[in-house]
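1. sequence below, structure please.
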Amino acid sequence: MSELGNLLKTTREEQKKTIKDVVDDTRIREPFINIIEDGRFKDLPSYLHAYGFVKKYAEFLGLDYENVVWPLFSKECPKDGAISKSTTQEEIKPEDYTPQTTETSFLENEQKSGKKPMFAIFIVIILVAVGYAGYYLYSSNYFAETYSSDKQTPAQQKAVTEPEPVITFAEDNKTDNGTYFNYYGSNIYADNATDNNSIAIGTAMEPAFVDPLFAQNIPTPVIIEPEKITVRFSEDCWFKYRTDKGEENTIDATAGTVLNIEFDKTFRVEIGNAVAVSIEYKGQTYNNFGRRNIVRILNYEAVDGKLELIR
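-> Now for the predicted structure:
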């Protein structure tokens, strides 16, 4: 009989807690709880499941994991290749039993990127300092005083561009209109009795001339539609996803569940039952992620209408 399984079961019963209480709090399914209490750890989907389930169950019961639960777990459920004949149980630390997957975990990514926030803060400080220095020089009229006309050479002071004539409009709206439009090379009014928005040519009314000086080209805004995938489940499966739009969710999907996910360029999925999931994108189906009860962690990027794995 499993000493660890008996410890967990006895402690649960002493605390007058049912298996349903454990399931509701830990989100571990009832069949897995029964397997753990029976000590049949090899019947769990993987070592990753055994390690995580036992640790979470022990924490729920308030047991001392490091000193009580861990020694029993490492003895009854050793990680393949972790214990050799020349290595005693005391020489192996709990962190040596951290489950490994073929993909990089979220924790590893955060640890590897630990220096990035400090570098980003350093860059921001430099940009703020440069911006403040520029604002100070601008507000103190440093450039105006340095390059003012008082410090220019006589030759530079003579090379002054004549200002454009000031245009005013008199009350009679005759002389000044002609002066203004003759200055730009055209006159859009046949006479002052004509509508200002058109020119009378014979009996037809033509649209008024639009001065290029006032023409504006306003670009049409471009709206980029988000990328979309559809995830279908053929069996019960634990599933987690995170997108570059900041969306993150974890679900316990059942057979027949359909999940739609939007992203801009990349997304990440964790699959608890590899054979249960298929992903559809732009008329293409991606499946065959592995055998039943195999855990997969995958990073995808949309490239030219296809999904490509990111290592």
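2. all strands of this structure, in order?
-> 198-201, 204-207, 227-233, 237-243, 248-253, 258-263, 266-271, 277-281, 284-286, 296-303, 306-309 (DSSP state E).
3. just name the most buried of those.
-> strand 266-271 (a mean of 20; mean count of other CB atoms under 10 Å). (Glycine included, C-beta is placed from N, CA and C.)
4. parallel or antiparallel, list what pairs with that strand.
-> strand 237-243 (antiparallel), strand 296-303 (antiparallel) (DSSP bridges).
5. in JSON lines: those strands, plus mean pLDDT.
-> Below are the strands paired with strand 266-271 laid out as JSON lines (pLDDT from 0 to 100):
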{"stretch": "strand 237-243", "mean pLDDT": "95"}
{"stretch": "strand 296-303", "mean pLDDT": "92"}
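6. residue 311 is nearest to which of those strands?
-> strand 296-303 (7.8 Å; CB to CB).
7. then the closest one to PDB, C-alphas only?
-> This file holds the C-alpha atoms of strand 296-303, laid out as PDB (Å, rounded to 0.1, in the frame of the first residue of the first chain):
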ATOM      1  CA  ARG A 296       2.100  19.800 -25.500                       C
ATOM      2  CA  ILE A 297       3.100  23.400 -25.300                       C
ATOM      3  CA  LEU A 298       3.200  25.100 -28.700                       C
ATOM      4  CA  ASN A 299       4.000  28.700 -29.900                       C
ATOM      5  CA  TYR A 300       2.600  29.700 -33.300                       C
ATOM      6  CA  GLU A 301       3.100  32.600 -35.700                       C
ATOM      7  CA  ALA A 302       0.900  33.500 -38.700                       C
ATOM      8  CA  VAL A 303       3.100  33.800 -41.800                       C
END
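8. tabulate the strands paired with strand 266-271 in TSV, adding columns for distance to residue 70.
-> Shown next, in TSV, are the strands paired with strand 266-271 (distance: least, CB to CB, whole Å):
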stretch	distance to residue 70
strand 237-243	24
strand 296-303	25
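9. quick one: which of those is nearest residue 139?
-> strand 237-243 (43.8 Å).
10. correct me, but residue 243 touches residue 267?
-> Yes - taking contacts as CB atoms under 8 Å, residue 243 lies within contact range of residue 267: 4.4 Å.
11. so what's in contact with those two at the same time?
-> residue 261 (CB atoms under 8 Å, 6 or more residues apart in numbering).
12. leaving out the residues flanking it, which one is nearest to residue 311?
-> Distances taken as CB to CB, 6 or more residues apart in numbering place residue 299 nearest to residue 311, at 7.8 Å, with adjacent residues excluded.
13. still on that earlier bit, could you tell me the least trusted of the strands of the chain?
-> Comparing mean pLDDT across these, the weakest is strand 198-201, with a mean of 46.
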